[in-house]
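S.K.: Quick one, structure for this:
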Amino acid sequence: MSDDLATVLLQLRLRAFATTDVLRAATAVDGDRLDEVLRTAESDRLVRHREGRIVGWSLTAAGRTRGQELLSAELDAAGTRDAVLDAYGAFLPLNAELLSICTDWQVVVVDGEHVPNDHSDPERDSSVLARLARLHPAAIEVTSALGRTVPRFTGYGPRLIESHDHVLAGRTEWLTRVTGDSYHGVWFELHEHLLAVLGRDREHEATPDAIPTNAAGSGRPGRRAPGTGDTP
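M.R.: Numbering: from 1, shown residues only. Presented below is the predicted three-dimensional model:
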């Protein structure tokens, strides 16, 4: 059961909250087996079930810790920790750049003030998307290396490719939208997954502030607008 338990606890960590149907689709654990894992995890106080208007599952603090322990042990048993650490090292500068890209897509500086990007400057928007296009091959290289090392990581590359294809086709909401597999959303899950298997803490990572450029595209710096463009 530990392998299925690790899978379920990971998916709840990535999603924060999920229905049983969402977990079934995300974990590929069949119905009876998933119900068994969830009931046992609830009995062990690793997950909690919410009733009422919104019904579903979430992790407890103990469940977060247990999931991290299972994934870390799995990594050590396979002898793949060093390879994942190498991929994580390659991931971090890409993460900083994606943070900057998402911030520039969402926010501009006008007369010294941070305001939502109304996308009225196509040249500026085009330059932001060009940065994403330059980052994307390196992102796929990292996810491919991770997938070859740890099967749990195999899904991230195809999902990033799909999101980027939507952006290239003009459906630019797929860069940062909060619903569905946006590029930012998939990247966030990948980051959380890396933190889980390596036992790292997001708050202690060195991530530079993302400084949006102004509406005229001159690149005049301003302070980062809190809460905008956050990546994992």
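
S.K.: Please enumerate the helices of this protein.
M.R.: If DSSP state H is used as the criterion, the helices of the chain fall at 2-15, 20-27, 31-43, 61-78, 81-106, 122-149, 156-168, 183-198.

S.K.: Closest to the centroid, which residue in the chain?
M.R.: In the chain, the residue lying closest to the centroid (CA atoms, centre = their mean) is Phe188, at 1.4 Å.

S.K.: Can you list the low-confidence ranges for this protein?
M.R.: 1-2, 206-211, 213-232 (pLDDT under 70).

S.K.: tell me the domain ranges of it?
M.R.: Taking automatic domain parsing as the reference, the chain has its domains at 2-78, 81-204.

S.K.: I'd like the helices of the chain as a markdown table, with distance to Arg53 appended.
M.R.: C-beta: built from backbone N, CA, C; applies to glycine. Converted to a markdown table, those look like this (distance: least, CB to CB, whole Å):
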| stretch | distance to Arg53 |
| --- | --- |
| helix 2-15 | 18 |
| helix 20-27 | 16 |
| helix 31-43 | 20 |
| helix 61-78 | 23 |
| helix 81-106 | 30 |
| helix 122-149 | 37 |
| helix 156-168 | 30 |
| helix 183-198 | 24 |
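
S.K.: Which one of the ones you listed lies nearest to Pro212?
M.R.: helix 81-106 (5.3 Å; CB to CB).

S.K.: which phi and psi does Thr179 have?
M.R.: Torsion angles at Thr179 (phi, psi; degrees, to the nearest 10) stand at phi -110, psi 150.

S.K.: and what of Arg177?
M.R.: Dihedral angles of Arg177 (phi, psi; degrees, to the nearest 10) stand at phi -60, psi 150.

S.K.: Could you report the separation of the residue nearest to it when sequence neighbours are not counted from Thr172?
M.R.: For Arg177, ignoring the flanking residues on the chain, the nearest one in space by CB to CB, 6 or more residues apart in numbering is Gly185 at 7.6 Å. Distance, Gly185 to Thr172, by CB to CB, to the nearest Å: 14 Å.

S.K.: Please identify which of these two sits among more neighbours.
M.R.: Shown here are Gly185 and Thr172; by other CB atoms under 10 Å, Gly185 has more neighbours (21 against 17).

S.K.: any idea which residue of the chain is furthest from its center?
M.R.: Distance from the centre of the chain peaks at Asp111, with 32.8 Å (CA atoms, centre = their mean).
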